[in-house]
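1. no sequence on this one, just coordinates:
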């Protein structure tokens, strides 16, 4: 009899504990898988990696030829065995210089390309490799979008071919938004005023990957007012010959509410559950 009473008391205690702690257990079990983002330190160039909650990944630009092996090693260290989507925003060497290395060292699910023909040997060799490897290849325009699990990727530009601009290659590049839950990234590539003016207004975004390495023709007061970012990422090398980031942009960001992250200080690392953002960085520039 005493044993039965003890067993009943134990069962009641377990039921009580489950009732008390069920909300905490459920909230832990239902926690969203994170999206991880890296703006790689590739010197005076550009390369970003998204590790998506569903296990897929997106690589936006491939850095310079000089940084190519370091980029490939970084991807491997992050567990990347196959690149699901590789985006070549435009054909300048500081953005696609490492693309042949990535094509040779990783299987690639598909490529999005700006479609702007720069006429360089590098671009020709890249296109040749894509053809030989039979990689699915597209030139998405404004309005195209695709979902990768719970992550939505939308193309804002190019909207139409722009000619006789300060840099046609920059102004016909791919501009993307990557959105997970309530958190969005705006990836501006090297877009200058002419391309920005072809797609007004720009959407609000939590994270702005600033255009053209912090150049004054890539970021101005109007853009910051439209996007209203919480964080701004600048990709450049210390002591570069272009003077990036330009003083005008530095002053604007200092007056804004946004946190500033520079790849010149090391690879920028962010993580989000779709509701909030956690960052890991040696130094936040303000």
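-> All right, it came through fine. Nothing here was measured: the structure is a model prediction, and the numbers come from that model. Numbers count the residues shown, from 1 in each chain.
2. so is residue 169 in a helix, a strand, or just coil?
-> The three-state label for residue 169, taken from DSSP: H, G, I helix; E, B strand; the rest coil, comes out as helix.
3. How about the contacts made by residue 120?
-> Shown here is residue 120, whose contacts under the criterion CB atoms under 8 Å, 6 or more residues apart in numbering are 91, 93. From N, CA and C alone the C-beta is placed, and that goes for glycine too.
4. That one and residue 55: what is the separation?
-> When CB to CB, to the nearest Å is applied, the distance between residue 120 and residue 55 equals 35 Å.
5. Residue 244 too?
-> Taking CB to CB, one finds residue 244 at 35 Å from residue 55.
6. And for residue 278?
-> From residue 278 over to residue 55 the distance is 20 Å, taken as CB to CB.
7. same check, this time on residue 77
-> Distance from residue 77 to residue 55, counting by CB to CB: 17 Å.
8. These two: which has the busier surroundings?
-> Neighbours of residue 77 and residue 55, each counted by other CB atoms under 10 Å, are more numerous for residue 55; the result is 11 against 8.
9. host element of the more buried one?
-> Using DSSP states H and E, no element contains residue 55; it sits outside every helix and strand.
10. Tell me the predicted confidence for it.
-> According to the model's per-residue confidence, residue 55 sits at a pLDDT of 97.
11. Could you check how far it is from residue 36?
-> As defined by CB to CB, residue 55 lies at a distance of 12 Å from residue 36.
12. go on, residue 128?
-> Residue 128 is 33 Å from residue 36, where distance means CB to CB.
13. neighbour count winner among these two?
-> When residue 128 and residue 36 are compared for neighbours, residue 36 comes out ahead with 17 against 11, by other CB under 10 Å.
14. Next up, the contacts around the closest residue to the more buried one other than its chain neighbours.
-> Here the nearest residue to residue 36 in space, its sequence neighbours aside, is residue 51; by CB to CB, 6 or more residues apart in numbering that works out to 4.2 Å. Going by CB under 8 Å, 6+ apart, residue 51 touches 35, 36, 37, 38, 57, 78, 79, 80.
15. Of those residues, grab the buried ones for PyMOL.
-> Command for PyMOL that selects the buried part of those, burial taken from 16 or more other CB atoms under 10 Å:
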select buried, resi 35+36+37+38+57+80
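16. Can you tell me which of the contacts of residue 51 is closest to residue 219?
-> Nearest to residue 219 among the contacts of residue 51: residue 37, at 19.2 Å, using CB to CB.
17. Settle this for me: residue 182 is touching residue 273, isn't it.
-> No. Using CB atoms under 8 Å, residue 182 is not in contact with residue 273; the gap is 9.8 Å.
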